[in-house]
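just coords:
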């Protein structure tokens, strides 16, 4: 265990600094430190380590798009959940009138079908551990698709009152289990109380600010931006549609 821990620590400390290996380092770090927490309950060290990964996250908001069918009740329901699960505000929403779903990556690559679900899951922190290994299928070009016709739509706006109430309940709960002896919890069990509160607060925080964050000015990489400019030119000349094919609307 000691040798494996040392190798893992050196791997994480080195590869987290490089963009091409960073996501792999995040994935292995979650497994490694999660295992340590379950086995030894080190609490603060685990939380600080996993929390530090957010420092390395790419916070260019709203540069990825989840395009869902407006005719599918299940996809509409998933679209309502995305603002709660997208803690880093990476994914904006769009609709189309056809069948199926698409995920448009930051570089403009479009995925459809099952691969679209996999890439979506790999971009949501709470699902990242399970979907990131499957996202490697993108390297064999599986599930790729041409740019779909889609229209931008607003994500669901969740009220800030829910976040405030949850934070107040969290403070009251921890005051009770620390100040009232009959409710005190053994230190090695605290993690089972921390994590549900953490996930709930993060989901409500994301839902409260998601619409504002993803609707800020989008800075696309030069290659993707040039592709969208060409598509916008062609679509504008041949159609009166206010939104060019597959392109984001210009922010004022």
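Good, I have the coordinates. Values in this document were obtained by computation on a predicted structure and should not be read as measured data.

Residue 160 - nearest residue in space that isn't next to it in sequence?
Here the nearest residue to residue 160 in space, its sequence neighbours aside, is residue 208; by CB to CB, 6 or more residues apart in numbering that works out to 4.9 Å. (Each C-beta comes from the backbone N, C-alpha and C, glycine too.)

What about that neighbour, how many residues nearby?
Summarising burial for residue 208: neighbours were counted as other CB atoms under 10 Å, giving 20.

and it, what element?
Residue 208 belongs to helix 190-214 when elements are defined using DSSP states H and E.

Packing partners of that helix?
helix 73-85, helix 160-179 (3 or more CB pairs under 8 Å, 6 or more residues apart in numbering; DSSP states H and E).

roughly how far apart are residue 203 and residue 69?
Per CB to CB, to the nearest Å, residue 203 is found 25 Å from residue 69.

My error: substitute residue 12 in the last question.
Distance of residue 12 to residue 69, computed by CB to CB: 40 Å.

same deal with residue 134?
The separation that residue 134 has from residue 69, given CB to CB, amounts to 22 Å.

These two - which one has more neighbours?
When neighbours are counted by other CB under 10 Å, residue 69 comes out ahead of the other of residue 134 and residue 69, with 18 against 15.

For the more buried one, name its beta-bridge partners.
Residue 69 has the following beta-bridge partners by DSSP bridges: residue 96.

I'd say residue 216 and residue 60 touch.
No: applying CB atoms under 8 Å as the test, residue 216 and residue 60 come out as separate, 9.9 Å apart.

Give me the more crowded residue out of the two.
For residue 216 against residue 60, the residue with the higher neighbour count under other CB under 10 Å is residue 60, and the figures read 16 against 12.

For the more buried one, grab phi and psi.
Recorded main-chain torsions at residue 60 are phi -80, psi 100, according to degrees, to the nearest 10.

what's the average pLDDT for stretch 77-96?
Over the span of stretch 77-96, the pLDDT mean works out to 93.

how long is that stretch end to end?
15 Å (CA to CA, to the nearest Å).

So residue 158, which state does it fall into?
The three-state label for residue 158, taken from DSSP: H, G, I helix; E, B strand; the rest coil, comes out as coil.

Contacts only, for it.
Taking CB atoms under 8 Å, 6 or more residues apart in numbering as the contact definition, residue 158 lies against 83-84, 204, 207-208, 210.

any idea how far residue 206 is from it?
Here the distance between residue 158 and residue 206 works out to 9 Å (CB to CB).

Next, the contact list for the spatially most central residue of the chain, please.
Centre of the chain computed as the mean C-alpha position; nearest residue by CA atoms, centre = their mean is residue 124, 2.7 Å away. With contacts taken as CB under 8 Å, 6+ apart, residue 124 has the following neighbours: 82, 85-87, 91, 131.

what's the burial count for the nearest residue to residue 115 once chain neighbours are set aside?
The shortest distance from residue 115 to any non-neighbouring residue, by CB to CB, 6+ apart, is to residue 143 (2.4 Å). The local packing of residue 143 (other CB under 10 Å) involves 19 other residues.
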